[in-house]
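Novice: from the sequence below, what's the structure:
(one chain, ligands or ions: 1)
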Amino acid sequence: MYHELPRHASFWAFLFSIDQDLAEQARLKKCPCGGCLHRANYPRKPRGGGEDLPQEYDFRLSFCCEQEGCRKRVTPPSVRFLGRKVYLGAIVILVAAMRQGPSPRRVRELSRLFGADRRTIVRWQVFWREHVPQTPFWKAAHGRLVPGFEIALLPLSLLEAFLRGDDPFRSWERLLRFLAPITIAGGLAIEVS
Ligand SMILES: [Zn+2]
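Specialist: Numbering: from 1, shown residues only. Next up is the predicted model:
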């Protein structure tokens, strides 16, 4: 079973609108020092979206505290960008998942569709299988998943848990919002105890 990603302009615009909501929530919360937040977006050049990617994908929404002496950077969680990864978050999930299952898609085909080379795809597989389960986010959040959720089958098991029903936009929204805590600074750090 393979899950499709609706890779067209309206889907990318939909994800951008969610990022705008997440950014507005962060702006209203203000800086921890109490200062107001000013827009200070990061330039990005995301890959994997194809030709329909809207211009808004040239930056990640971010803020800077206006208080002299603080100037703290606040970058809200995102359903588009997975931390510093160059590829769009949805692509990093989907392509790694397509290499799993009883009849995995061939690397050559995935490279043609999404532009990622073999080494990149292998890195994503290791990322999901070995890195993500070690994060504090995962340890706190995996209890919210369905009973019997298979960590060993990440990220395919995530797609199967979230991509249900008739509305792929909403399904992807649920999945990407679930993962959003790992998209902020420190969100992918591993606790060393
Ligand atoms: Zn501040």
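Novice: for this structure, which segments count as strands?
Specialist: Taking DSSP state E to define them, one finds strands in the chain at 37-39, 42-43, 59-60, 63-65, 73-74.
Novice: packing partners of the first one?
Specialist: Going back to what we said before, that points to strand 37-39. strand 63-65 (3 or more CB pairs under 8 Å, 6 or more residues apart in numbering; DSSP states H and E). For the C-beta atoms, the positions are set from N, CA and C on the backbone; glycine is no exception.
Novice: list the contacts of the strand it packs on.
Specialist: Strand 63-65 is contacted from outside by 23, 26-27, 31, 33, 35-40, 71-76, using CB atoms under 8 Å, 6 or more residues apart in numbering.
Novice: could you redo the last one with a cut-off of 6 Å?
Specialist: Cys31, Gly35, Leu37, His38, Ala40, Arg71, Lys72, Arg73, Val74 (CB atoms under 6 Å, 6 or more residues apart in numbering).
Novice: that strand pairs with which strands, and in what direction?
Specialist: strand 37-39 (antiparallel), strand 73-74 (antiparallel) (DSSP bridges).
Novice: quick check, the last one touching the ion?
Specialist: So that's strand 73-74. No - Strand 73-74 is not in contact with the ion by CB under 5 Å from the ion; minimum separation 8.3 Å.
Novice: just to revisit the earlier point, tell me the two of the contacts of strand 63-65 that are most distant?
Specialist: By the measure CB to CB, Gly35 and Ala40 form the most distant pair in these, at 12.9 Å.
Novice: now the contacts of strand 63-65 as JSON lines including distance to Ser111, pLDDT and neighbour count?
Specialist: Formatted as JSON lines, the contacts of strand 63-65 follow (distance: CB to CB, whole Å; pLDDT from 0 to 100; neighbours: other CB atoms under 10 Å):
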{"residue": "Cys31", "distance to Ser111": "43", "pLDDT": "97", "neighbour count": "21"}
{"residue": "Gly35", "distance to Ser111": "46", "pLDDT": "97", "neighbour count": "18"}
{"residue": "Leu37", "distance to Ser111": "40", "pLDDT": "98", "neighbour count": "22"}
{"residue": "His38", "distance to Ser111": "41", "pLDDT": "97", "neighbour count": "13"}
{"residue": "Ala40", "distance to Ser111": "35", "pLDDT": "97", "neighbour count": "14"}
{"residue": "Arg71", "distance to Ser111": "42", "pLDDT": "96", "neighbour count": "14"}
{"residue": "Lys72", "distance to Ser111": "40", "pLDDT": "96", "neighbour count": "13"}
{"residue": "Arg73", "distance to Ser111": "35", "pLDDT": "96", "neighbour count": "13"}
{"residue": "Val74", "distance to Ser111": "36", "pLDDT": "96", "neighbour count": "21"}
